[in-house]
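Engineer: Sequence and predicted structure are below.
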Number of protein chains: 2
Amino acid sequence: MDHLYSYDSLFRLSADVFLAMGCSVADAELAAQVLVAADMRGIDSHGVARLSGYVRLWEAGRINPRPDIKVVHETPSTAVVDGDAGLGLVVAPWAMNVAVSKAGIAGSGWVSVRNSNHFGIAGYHAMMALRHNMTGIAMTNASALVAPTYSIERMLGTNPIAVAIPAGKQPPFVADFATTTAANGKLEILQRKNADAPLGWVQTQEGEATTDANALKKQGALLPLGSDREHGSHKGYALGSIVDIFSAVFSGAGYGPWAPPFPAYVPMPENMPGKGLGHFFGAMRIDAFRPADEFLEHMDNWIGRFRNAQPAPGHDRVLIPGDPERETEAVRKTEGIPLVASVAEDLAALAVRMKVTFPDALA
Amino acid sequence: MDHLYSYDSLFRLSADVFLAMGCSVADAELAAQVLVAADMRGIDSHGVARLSGYVRLWEAGRINPRPDIKVVHETPSTAVVDGDAGLGLVVAPWAMNVAVSKAGIAGSGWVSVRNSNHFGIAGYHAMMALRHNMTGIAMTNASALVAPTYSIERMLGTNPIAVAIPAGKQPPFVADFATTTAANGKLEILQRKNADAPLGWVQTQEGEATTDANALKKQGALLPLGSDREHGSHKGYALGSIVDIFSAVFSGAGYGPWAPPFPAYVPMPENMPGKGLGHFFGAMRIDAFRPADEFLEHMDNWIGRFRNAQPAPGHDRVLIPGDPERETEAVRKTEGIPLVASVAEDLAALAVRMKVTFPDALA
């Protein structure tokens, strides 16, 4: 049975685990904040459910809990950051702050990151720009699970893109999406339920369309956004490629099939052309383009107009990117975060192993 | 019957038509170059087939042949350009040059454009960055033909994104794609053939899935990349929205349903919140991130690795974004550009009307 946990209790658990890994207090709390933000926003696949995975990477010597994160190359509006194999949950906000401070002076800031690890939800990092009255952009490459159009080889990760744009009276526009038809987390939900996947999410090892939610475990591949050539999969493939190149070729990380796998039991690729995972961040001051008050007024108008677009029959409203996550967050803030039983059990065992306290569920 | 025309002859015809509209020699030749680049690259919907459409916009007083294009707002790495209602084919390269020169100093340059018109193929403008050893980005909003997920109202254009990334020995990576499942031009081809469209390209006025290639003429809508919610149309909707906001809210152009329609017979939207169409351009020096030789070597490695990905059964190779257009260009350079009979007839009539010479077809 699923139980509910408070934000504070999962934050504390996560921070304690990161402390036990040897992170500084500041880094452990930052990493916990990024991680649990995913649970709060309903992106459960990227929240505390992954905590054990981070620990296993640390145990395998692939995460450095005390990284010396550095800018290694820069211009007035760009930089490359070396994450020193730190937690992506820590490296990413560090790099996003570089983008924000460059934007403060140059109007925009763009930072490519090498030698990092999984950074949680892209949306968290993009949204960091909002409080500075900036548009934020975040992307990352990831373990290769996706076959390009006309291929059966896993060459790209789910390579998400997040874009957060400030508004005035309206809540901000926040898009955060994998460049595949379906994120891997959605497939895992179907696997747990022994349910079929819709056609167009995955293909078999031979490149055939399939509804087998377990196809990925049988050497099949996730499909780029668009699913097949006729429905634009070459566009999803191009998007995933752009994320890979901006994140990893720009910075000197492992790109394409050389992106380090998240599961610690999967061996690292051989002949790596770069270090670790790569990310890419951008920040643009809204007043770098027009006066801030005008910008915010028109974003409010944009959001209001789209929210009032005529719904299709059977739907009572049209959503703005960010609405579903914001609504989940409002509910979970008051009601707590539900953990499926298997995740709670895994975390309880992890707490024992790491000698930290596993929290009580809410009533 | 289709005939073949040389690049030079279609360039001359286009330049002569723009001159007859009152453009300067430099602008007329630049506009012709951008326009015919689409035909050369096989994107026939955006080439000389649109020349009459530009003329009709000029006749309707919606294109200014002698625009005073200006930077109206700037920071070291950003700018807004006002196109003064000029041809997008001229305004866009002007603005892209601003992005490139800002990138020369600040590492990157980002330019949002208002008060412009249809700019041809996005790829042309993105590729301008390549000769400066920069990555180029180009996007534009367009007449509203696309319904957001769960909506039946046309709120967005096909809003393309182009990204061009330099390589060393390999040809560059050039992605250029509409953020819809299918571009409108592909639908027009099916209409001419009286053929059905695949499910997932368009919906009816009531929001039903349909194979009717004429659905758009019956108040239906194009669908965002992903086609339906289950296949990620909310991601295509988010992408199209990002293009719209970066291009038109950043700059002060007409956004969403207020984007000026390309067909001159369609009345302009009322209560426009901005001026004309909007575009967005970016340029990033490759050495703003790592030494140029390293960058080019790894891009070559990236391209080579992806080109050698294992093909799916029935396919002999995996393509890199830009391959199909480059191959078409090579063929058309030697064999000429085919024009379907209806387009050639329309252009011949246009030539008479504008008092310019219509070229002979190749043998």
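Structural biologist: Done, it's in. Numbering: from 1, shown residues only, chains lettered A, B, ... in the order given.

Engineer: Only C-alpha atoms from now on, for both contacts and neighbour counts.
Structural biologist: OK.

Engineer: So A:Ala209 versus A:Gly42, what's the distance?
Structural biologist: 29 Å (Cα to Cα, to the nearest Å).

Engineer: Kindly report the residues of the stretch 1-150 of chain A close to chain B.
Structural biologist: Residues of the stretch 1-150 of chain A lying near chain B by Cα under 8 Å from any Cα of the partner chain: A:73-80, A:106-108, A:112, A:148-150.

Engineer: mind saving the C-alpha coords of whatever helix or strand A:Ser241 lives in as CSV?
Structural biologist: Using DSSP states H and E, A:Ser241 sits within helix A:233-244. Provided in CSV are the C-alpha atoms of helix A:233-244 (Å, rounded to 0.1, in the frame of the first residue of the first chain):
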residue,chain,number,x,y,z
SER,A,233,10.6,11.0,-35.4
HIS,A,234,13.4,12.6,-37.4
LYS,A,235,12.5,15.8,-35.6
GLY,A,236,12.7,14.1,-32.2
TYR,A,237,16.0,12.5,-33.2
ALA,A,238,17.3,16.0,-34.2
LEU,A,239,16.2,17.5,-30.9
GLY,A,240,17.8,14.8,-28.9
SER,A,241,21.0,15.2,-31.0
ILE,A,242,21.1,19.0,-30.4
VAL,A,243,20.8,18.4,-26.6
ASP,A,244,23.6,15.8,-26.8
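
Engineer: Which neighbouring elements make contact with that helix?
Structural biologist: strand A:134-140 (3 or more Cα pairs under 8 Å, 6 or more residues apart in numbering or on different chains; DSSP states H and E).

Engineer: Rounded mean pLDDT for the strand it packs on, please.
Structural biologist: For strand A:134-140, the mean per-residue pLDDT is 98.

Engineer: Quick one: mean pLDDT for stretch A:177-192?
Structural biologist: Averaged across stretch A:177-192, pLDDT comes to 90.

Engineer: Let me know whether it sits next to chain B.
Structural biologist: Yes - Stretch A:177-192 is in contact with chain B by Cα under 8 Å from any Cα, via A:Phe177, A:Thr181, A:Ala182.

Engineer: ok, the closest residue to the last one other than its chain neighbours - how many residues close by?
Structural biologist: Take A:Ala182 and drop its neighbours on the chain: the residue closest to it by Cα to Cα, 6 or more residues apart in numbering or on different chains is A:Trp201, 5.9 Å away. A:Trp201 has 30 neighbouring residues, counting by other Cα atoms under 10 Å in any protein chain shown.

Engineer: doesn't A:Asn184 make contact with A:Trp201?
Structural biologist: No - the pair A:Trp201 / A:Asn184 is not scored as a contact, 9.5 Å apart, by Cα atoms under 8 Å.

Engineer: Common neighbours of those two, please.
Structural biologist: Common contact partners of A:Trp201 and A:Asn184 (Cα atoms under 8 Å, 6 or more residues apart in numbering or on different chains): A:Leu222.

Engineer: beta partners for A:His3?
Structural biologist: Beta bridges link A:His3 to A:Leu339, judged by DSSP bridges.

Engineer: I'd say it and A:Pro338 touch.
Structural biologist: Yes - A:His3 is within contact range of A:Pro338, at 5.5 Å (criterion: Cα under 8 Å).

Engineer: where does chain A have low pLDDT?
Structural biologist: Low-confidence segments of chain A, defined by pLDDT under 70: A:1.

Engineer: go again using 80 as the cut-off
Structural biologist: In the predicted model of chain A, residues A:1, A:363 satisfy pLDDT under 80.

Engineer: which stretches of the stretch 1-150 of chain A form strands?
Structural biologist: Assigned by DSSP state E, counting those that start in this stretch, the stretch 1-150 of chain A shows strands spanning A:3-5, A:70-75, A:78-82, A:108-116, A:134-140.

Engineer: What strands line up against the third one, and which way round?
Structural biologist: Taking DSSP bridges as the criterion, strand A:78-82 pairs within the sheet with strand A:70-75 (antiparallel), strand A:108-116 (parallel).

Engineer: and those strands, which is most packed in?
Structural biologist: With neighbours taken as mean count of other Cα atoms under 10 Å in any protein chain shown, the strands paired with strand A:78-82 reach their highest mean count in strand A:108-116, at a mean of 31.

Engineer: Neighbour-wise, which one of the residues of stretch A:177-192 next to chain B leads?
Structural biologist: Per-residue neighbour counts (other Cα under 10 Å) across the residues of stretch A:177-192 next to chain B peak at A:Thr181, which has 28 neighbours.

Engineer: could you measure that residue against B:Trp58, distance?
Structural biologist: Applying Cα to Cα, one obtains 41 Å for the distance of A:Thr181 from B:Trp58.

Engineer: rewinding a little: who's in contact with the residue nearest to A:Ala182?
Structural biologist: A:Thr181, A:Ala182, A:Thr211, A:Leu222, A:Leu223, A:Ser227, B:His231.

Engineer: Please give me every residue in contact with the residue most central in space within chain A.
Structural biologist: Centroid-nearest residue in chain A: A:Ile121, 2.8 Å away (criterion: Cα atoms, centre = their mean). Applying Cα under 8 Å, 6+ apart to A:Ile121 gives the contacts A:Val34, A:Leu35, A:Ala37, A:Ala38, A:Ile43, A:His46.

Engineer: Tell me which two in the residues you listed are the farthest apart.
Structural biologist: A:Val34 and A:Ile43 (11.9 Å; Cα to Cα).

Engineer: who's more crowded, those two?
Structural biologist: Neighbour tally, A:Val34 and A:Ile43, criterion other Cα under 10 Å: the higher count belongs to A:Val34, 25 against 17.

Engineer: show me what contacts that one?
Structural biologist: Counted by Cα under 8 Å, 6+ apart, A:Val34 has contacts A:Leu89, A:Gly120, A:Ile121, A:Tyr124.

Engineer: again with A:Leu10
Structural biologist: A:Val36, A:Val48, A:Pro359.

Engineer: any chance of the residues of stretch A:177-192 next to chain B in a markdown table, plus secondary structure and distance to A:Ala363?
Structural biologist: Output for the residues of stretch A:177-192 next to chain B, formatted as a markdown table (DSSP: H, G, I helix; E, B strand; the rest coil; distance: Cα to Cα, whole Å):
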| residue | secondary structure | distance to A:Ala363 |
| --- | --- | --- |
| A:Phe177 | strand | 34 |
| A:Thr181 | coil | 38 |
| A:Ala182 | coil | 34 |
